[in-house]
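Asks: give the three-dimensional model of this entry:
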Amino acid sequence: MNGNPNLKIDWCTYEAAKFACENWHYSKTMPVGKIFKIGIWENNIFIGCVLFSRGANNNMLKSYNLKVNEGCELTRIALSKHSNSVTTIVSQAISILKHKNNGLRLIVSYADKDQSHLDIIYQAGNWIYVGSSMNNKPDGSWILNGKRKHGKSISDLIVRKGGLKGNTREKYIRKYIDKNAIKYITKGKHKYLMPLDKKMRRQIIKLSKPYPKKICPKGVTGSTSGFQPEGIGPSPISGLGVKR
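Replies: Model prediction:
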């Protein structure tokens, strides 16, 4: 399956993916909802995961005339130190995802401008860039107990705790979650698309815009991840056999 014999990519458990996100992704959080969890191993050591989901935006696929099961979002690339390029890892993860989801036609991904190095990954992988959104505005995320928490995760937490209880969202957060909570101000997000068939590529190529910055001349290779703190944490589990 893989060109490099020391690289193994396969489905992983929720526990393995959660460990990778909390230790090796800048957000330190696991996305919510239905998740397609693909684990990465080098020399039989678990080094991270690539996660795909239906996405937090229910209207994400409408502008492409796709049904909910025809597209998904790449929501996490969480890796420790690695010798294979991120571009190769993501490409092979997409192949596995597509093989198990024959009707999948499009993958959407959003690169935070706050984490500008993420753009290199998509550009090196020939994703189609279609523009950016928001500039220096609240995006619904909050800094809670020192960590960024996305809006949908906060909403799910509030629901689990019984609702707003007559409070505004802001008052509830400061009263029941973190009295020192602050709104996260984002620089915005770049949007990239990966078509999975020729017809979809022809449909969206007309939306393409020049990449927002120059690709790193050496590509995304080597042992540096470039988008989360490096570290060799404990290897949690083999993680195979529990799919999606």
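
Asks: same question for stretch 166-186, mean pLDDT?
Replies: Averaging pLDDT along stretch 166-186 gives 89.

Asks: could you pull out the buried residues of it?
Replies: 172-174, 177-178, 181, 184, 186 (16 or more other CB atoms under 10 Å). All C-beta spots, glycine's among them, are computed from the backbone N, C-alpha and C.

Asks: and whichever strand or helix holds Arg202, how far out from the chain's middle?
Replies: Assigned by DSSP states H and E, Arg202 falls within helix 198-204. Chain-centre distance of helix 198-204: 23 Å, with CA atoms, centre = their mean, to the nearest Å.

Asks: kindly report the same for stretch 105-123.
Replies: With CA atoms, centre = their mean, you get 9 Å for stretch 105-123.

Asks: give me phi/psi at Ile107?
Replies: Dihedral pair for Ile107: phi -120, psi 130, per degrees, to the nearest 10.

Asks: can you verify my assumption that it contacts Ser95?
Replies: No: Ile107 is not in contact with Ser95 according to CB atoms under 8 Å; the separation is 11.7 Å.

Asks: so those two - more neighbours on which side?
Replies: Ile107 (20 against 14; other CB atoms under 10 Å).

Asks: relative to Arg148, which of the buried residues of stretch 166-186 is nearest.
Replies: Closest approach to Arg148 among these (CB to CB): Tyr184, at 5.6 Å.

Asks: please identify which helix or strand holds the closest one.
Replies: Counting by DSSP H and E, Tyr184 is part of strand 182-186.
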